[in-house]
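Provided below for reference: sequence and predicted model.
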Amino acid sequence: REVPAAKRLPFFLKYREHPDELISKDSFSEFAAAPYADIAPLADQFSPAKVKEWISKKETNQTRIGFYGMMLGLCGTKADADFLKNEINRPTETYRLGLDGLMAGYVLLLGDDGITLLEEKLGQNTKQFSDTYAAMQTLRFMWQYAQNRVSKDRLRLAMRMLIDRPEFA
């Protein structure tokens, strides 16, 4: 019989970035497969400083960056929003894994005020769609899971920006 995620996840907290890669992967896979409703209550067991360290380290597996961004949004304070904004706006030549999670963390910290950054990304008309797509995914995430952090009207207004862009509409 499987133990419910809400009871199982606290055990795996201490192994997230374990030096043994197999242990670390196993721990992270537990969080990656868990529903948001089971992860959010664990926010007080995450260290914002540690999460920022993991996001910043080049050695951190890129598939974890989005999760860590979201966790910083849950466990951090508004003061951590600047860190996330810098990570979101960091120039890159390639598609960035986890950008939507970094954006979600930013909006979780700032609420409706965080949507302004997403609108900037939605308004960019570049050939590289990764920022736009990540912003769109973040709006969907906020709508589905975190409506208590942002207003539905604010989410609707931001998403409407894509109506005139057939590649996203």
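Sure, I can see it. Quick caveat: nothing in here was measured; it's all calculated off a predicted structure.

what residue is smack in the middle of the chain?
In the chain, the residue lying closest to the centroid (CA atoms, centre = their mean) is residue 101, at 1.8 Å.

Can you tell me how far it is from residue 13?
Per CB to CB, to the nearest Å, residue 101 is found 18 Å from residue 13. In short, each C-beta sits where N, CA and C put it, glycine included.

And for residue 77?
Distance, residue 77 to residue 13, by CB to CB: 20 Å.

Pick out whichever of the two has more residues nearby.
The neighbour count for residue 77 versus residue 13, taken as other CB atoms under 10 Å, is higher for residue 13 (13 against 9).

Does anything pack onto the longest helix that the chain contains? Which helices or strands?
When the chain is parsed with DSSP state H, its longest helix is helix 130-145. On a contact count with 3 or more CB pairs under 8 Å, 6 or more residues apart in numbering; DSSP states H and E, helix 130-145 meets helix 99-110, helix 115-123, helix 152-160.

Need the contact partners of the longest one.
By that I understand helix 99-110. With contacts defined as CB atoms under 8 Å, 6 or more residues apart in numbering, helix 99-110 is touched by 55, 65-74, 76-78, 80-81, 84-85, 87-88, 114-115, 117-118, 121, 130-131, 133-135, 137-138, 141-142, 146, 149-150.

Tell me the buried residues in the helix or strand hosting residue 28?
Assigned by DSSP states H and E, residue 28 falls within helix 21-33. Neighbour counts over helix 21-33 (16 or more other CB atoms under 10 Å) mark 24-25, 27-28, 30-31 as buried.

Which of those lies at the shortest distance from residue 44?
Distance to residue 44, by CB to CB, is smallest for residue 31 among these, at 15.4 Å.

what angle separates the helix-or-strand element of the chain with minimal mean pLDDT from helix 21-33?
Using mean pLDDT, DSSP states H and E, the weakest-scoring helix or strand in the chain turns out to be helix 5-12, at a mean of 86. With axes from the mean of the first three to the mean of the last three CA atoms, to 10 degrees applied, the angle from helix 5-12 to helix 21-33 works out at 150 degrees.
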